[in-house]
Structure formats: C-alpha cells, structure tokens
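Student: curious how this folds, go ahead:
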Amino acid sequence: MYAGVIIGFVLWCIVSGIFLVIGCLCFFASKPVGFWANVKMCEVNNTKKYNRAMGKLFCCFGMVLAILGLPLLAGQNSPLVFLSIAGTLVLIITTMLVYELVIMKKYHKK
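Tutor: So this is what the prediction gives:
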C-alpha cells in the first residue's frame, strides 16, 4: 500500500517537472510562446520579455504543483488529499487569470 503512495507522488512530481522544463524552455524561445493549445498566438510587443514572463509563469506553476502534491504522501484515505485536488483547481484558475489579466494585458500588441 505504501509503495502506491510513493508511485503516485513520483508521478505527480514528474508532471510538475515537465512544467518546470517548459518554463525553462520559454526563457530561450525565439518566437512568442503560446499558452492555450491549438490557438494561433497573437502578436506581442516584446517577445523576449513576454517569453521571460511565460517562463516565470510555467516555473511557478510547476513548483506550486509539486508542493500541492505533498499531501498525497499522507495516504489515499487521508482527508489531506482534498488539499491537493482543491489546490490544483485554484492553481489552474489563478494561472489562467495571471496570463489573461497580467501578461497579455502588458505584452499584447494593440
């Protein structure tokens, strides 16, 4: 039973690590990095600063997601797992709001 908890946490950390890698790749991208899947990227007024902001956003998302996975170590039947689920939901909504209200507002070419 305890091995399943560790495997679940390791998988959670792998997903968090993927977002960290995406964030690091954003810093070195030459074209504007998209946020929404299958949506044509709009023009930005400063690609380098925009990609840096996107890199920070994805790296912060990955780190907070990893921290939200810690309650999974308490076990499957622990009420703390609710923190991981609810926290992830709040994290995703917050990330979308930061992208739309802060990053796009600042870097979208009008």
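
Student: hey, let's count contacts and neighbours off CA atoms from now on
Tutor: Fine.

Student: pLDDT value on Leu20, please?
Tutor: Looking at Leu20, its pLDDT stands at 97.

Student: ok so it is a helix residue?
Tutor: Yes: counting by DSSP: H, G, I helix; E, B strand; the rest coil, Leu20 is part of a helix.

Student: the nearest residue to it once chain neighbours are set aside: what's it in contact with?
Tutor: Closest residue to Leu20 in three dimensions, ignoring its sequence neighbours and counting by Cα to Cα, 6 or more residues apart in numbering: Cys59, at 4.7 Å. Cys59 is in contact with 19-24, counting by Cα atoms under 8 Å, 6 or more residues apart in numbering.

Student: just the buried subset of those residues, written out for PyMOL, thanks.
Tutor: In PyMOL syntax, the buried subset of the contacts of Cys59 is picked out as below (16 or more other Cα atoms under 10 Å):
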select buried, resi 19+20+22+23+24
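
Student: any chance of the contacts of Cys59 in a markdown table, with distance to Val10 too?
Tutor: Below are the contacts of Cys59 laid out as a markdown table (distance: Cα to Cα, whole Å):
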| residue | distance to Val10 |
| --- | --- |
| Phe19 | 14 |
| Leu20 | 15 |
| Val21 | 16 |
| Ile22 | 18 |
| Gly23 | 20 |
| Cys24 | 21 |
